[in-house]
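S.K.: Starting from these lines, generate the structure:
(one chain, ligands or ions: 1)
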Amino acid sequence: MRIGDIDFGNNLILAPMAGVTDVGFRQVCSIMGADASYSEMLSARAMLYNPKKTELMTITSPYEKIKIGQIFGHESDVMGEAVKNPLLDRYDILDINMGCPAPKIVKNGEGSALMKNMKLASEIIKACKKNAKVPISVKFRLGYDRDISVDFGRMCEESGASFVTLHARTALQGYSGRADLDAIAKLKASLKIAVVGNGDVTDIESYHNMLQTGVDGVMIGRGAQGRPWIFKEILGEEFKGNKFNVICHHVEVLRKYYDEKWLTLYLRKHFLWYVSNVENASTYRLEIATSPSIDESLEILKKILNN
Ligand SMILES: Cc1cc2nc3c(=O)[nH]c(=O)nc-3n(C[C@H](O)[C@H](O)[C@H](O)COP(=O)(O)O)c2cc1C
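M.R.: Here you go, the predicted model:
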């Protein structure tokens, strides 16, 4: 996939995941083969009125190949101004979130609520496109409560998006059921701009099923949680490195930026994901979930993984 002069290499993309895709995680996924990675979603209002609040979230890693910043909001003027924020100069592409189903986002008319207001969604894309120095993309779902993805994708294309990403579930579905690969194929066949397919890619088989839709790129979210080496595996290379060292690398990057107390709590979920598929790890789950320090957690993980 090529967007202007940006070449996506193997077209493997790490999904934006709020509260998950921190800079350390993005760094290890990039080293494992992700060609592009997204920031966690950034509030356009915060970018405009309180940028200090989001500054930490805009830190990128030099290992990230193509850096995509994702913004969310519901006002075309605010979003059009927000994309001028110098903090966003760190990104090669800016993406607009039109798929988030979280009630607190939808209630403000943001995320997937924009799929119910195609006119406003178009105004937002045009306003961002007009002021951004880099290409604009849009990530959306099938629709809010039914599949309108082809019409919505056409609107994105006509409004100036350089590519779109489809997570093939409706917002009301949340994460239930399976991603609708036929809908992804239909969208790809209907648009001239590139389409990235997203939903349920967790291994080589599901990756190949996604490629069958004809998409230009494949995005992986939950499949990478605790398994940043999934990108290597999907590329057909077995990961032979030491998993514990990957975890230490993830932690080391975060320690450069975040307070130890906050990180201790934040990292627990990552630590639990890292050992979720490891035999005999279940006896240590409670210890990890309640561990008072990162170093103690690392000792437990070392014991589990290096056994
Ligand atoms: C914890 C979590 C946080 C997420 N945060 C975002 C987000 O900030 N922006 C976004 O567009 N999608 C977000 N998503 C959706 C993912 O990017 C992706 O579309 C979804 O997980 C489906 O892909 P998967 O089956 O590969 O996980 C999030 C998903 C999860 C599980």
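S.K.: C-alpha from now on. contacts and neighbour counts both.
M.R.: Noted.
S.K.: Which residues of the protein lie near the ligand?
M.R.: 15-18, 40-41, 97, 99-100, 139, 167, 198-201, 220-223 (Cα under 6 Å from any ligand atom).
S.K.: Strands along the chain, start to end?
M.R.: Taking DSSP state E as the test, the strands found in the chain are 2-3, 6-7, 12-14, 36-38, 42-43, 66-72, 93-98, 136-141, 163-167, 194-198, 217-220.
S.K.: Quick one: closest of the ones you listed to V23.
M.R.: strand 36-38 (9.8 Å; Cα to Cα).
S.K.: related to what we said a few turns ago, a markdown table for the strands of the chain, including mean neighbour count?
M.R.: Formatted as a markdown table, the strands of the chain follow (neighbours: other Cα atoms under 10 Å):
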| stretch | mean neighbour count |
| --- | --- |
| strand 2-3 | 14 |
| strand 6-7 | 14 |
| strand 12-14 | 25 |
| strand 36-38 | 26 |
| strand 42-43 | 22 |
| strand 66-72 | 24 |
| strand 93-98 | 26 |
| strand 136-141 | 27 |
| strand 163-167 | 26 |
| strand 194-198 | 26 |
| strand 217-220 | 24 |
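S.K.: can you redo those as CSV with mean pLDDT?
M.R.: Output for those, formatted as CSV (pLDDT from 0 to 100):
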stretch, mean pLDDT
strand 2-3, 96
strand 6-7, 97
strand 12-14, 98
strand 36-38, 98
strand 42-43, 96
strand 66-72, 98
strand 93-98, 98
strand 136-141, 98
strand 163-167, 98
strand 194-198, 98
strand 217-220, 98
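S.K.: With distance to V275 as new columns, can these be given to me in a markdown table?
M.R.: Output for the strands of the chain, formatted as a markdown table (distance: least, Cα to Cα, whole Å):
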| stretch | distance to V275 |
| --- | --- |
| strand 2-3 | 36 |
| strand 6-7 | 34 |
| strand 12-14 | 20 |
| strand 36-38 | 23 |
| strand 42-43 | 29 |
| strand 66-72 | 28 |
| strand 93-98 | 31 |
| strand 136-141 | 30 |
| strand 163-167 | 27 |
| strand 194-198 | 25 |
| strand 217-220 | 19 |
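S.K.: Please identify which of these is closest to S282.
M.R.: That would be strand 217-220 among those, by Cα to Cα, at 25.6 Å.
S.K.: The closest one pairs with which strands, parallel or anti?
M.R.: When sheet partners are counted by DSSP bridges, strand 217-220 sits next to strand 12-14 (parallel), strand 194-198 (parallel).
S.K.: Kindly tell me how buried T202 is, as a neighbour count.
M.R.: Around T202 there are 18 other residues, counting by other Cα atoms under 10 Å.
S.K.: on that earlier part again, nearest to Q173, out of the strands of the chain?
M.R.: Nearest of these (Cα to Cα): strand 136-141, 9.9 Å.
S.K.: Not counting its own residues, what contacts that closest one?
M.R.: Contacts to strand 136-141, defined as Cα atoms under 8 Å, 6 or more residues apart in numbering, come from residues 93-100, 112, 115, 125, 128-129, 149, 156, 160-171.
S.K.: Do I have it right that D200 meets A224?
M.R.: No. Checked against Cα atoms under 8 Å, the pair D200 and A224 is beyond contact range at 10.8 Å.
S.K.: Could you count how many residues lie near the closest residue to E252 other than its chain neighbours?
M.R.: What sits nearest to E252 in space, not counting adjacent residues and going by Cα to Cα, 6 or more residues apart in numbering, is G24, at 7.7 Å. Burial of G24 is recorded as 24 neighbouring residues (other Cα under 10 Å).
S.K.: Hmm, H249 and G24 touching each other?
M.R.: Yes. Between G24 and H249 there is a contact under Cα under 8 Å: 7.5 Å.
S.K.: Any chance you could list what contacts the helix-or-strand element of the chain with minimal mean pLDDT?
M.R.: The helix or strand of the chain with the lowest confidence, counting by mean pLDDT, DSSP states H and E, is helix 51-55 at a mean of 82. Contact partners of helix 51-55, identified using Cα under 8 Å, 6+ apart, comprise L42, S43, A46, M47, L87.
S.K.: tell me which of these is nearest to the ligand?
M.R.: L42 (7.8 Å; Cα to the nearest ligand atom).
S.K.: so that closest one touches M79, yeah?
M.R.: No. Look at L42 against M79 with Cα under 8 Å: they stay out of range, at 10.8 Å.
S.K.: Common neighbours of these two, please.
M.R.: F72.
S.K.: thinking again about what came up before, point out the one among the strands paired with strand 217-220 that comes closest to Q70.
M.R.: That would be, of the strands paired with strand 217-220 and by Cα to Cα, strand 12-14, which comes in at 12.5 Å.
S.K.: Check which residues of the least confident helix or strand of the chain are buried.
M.R.: P51, T54 (16 or more other Cα atoms under 10 Å).
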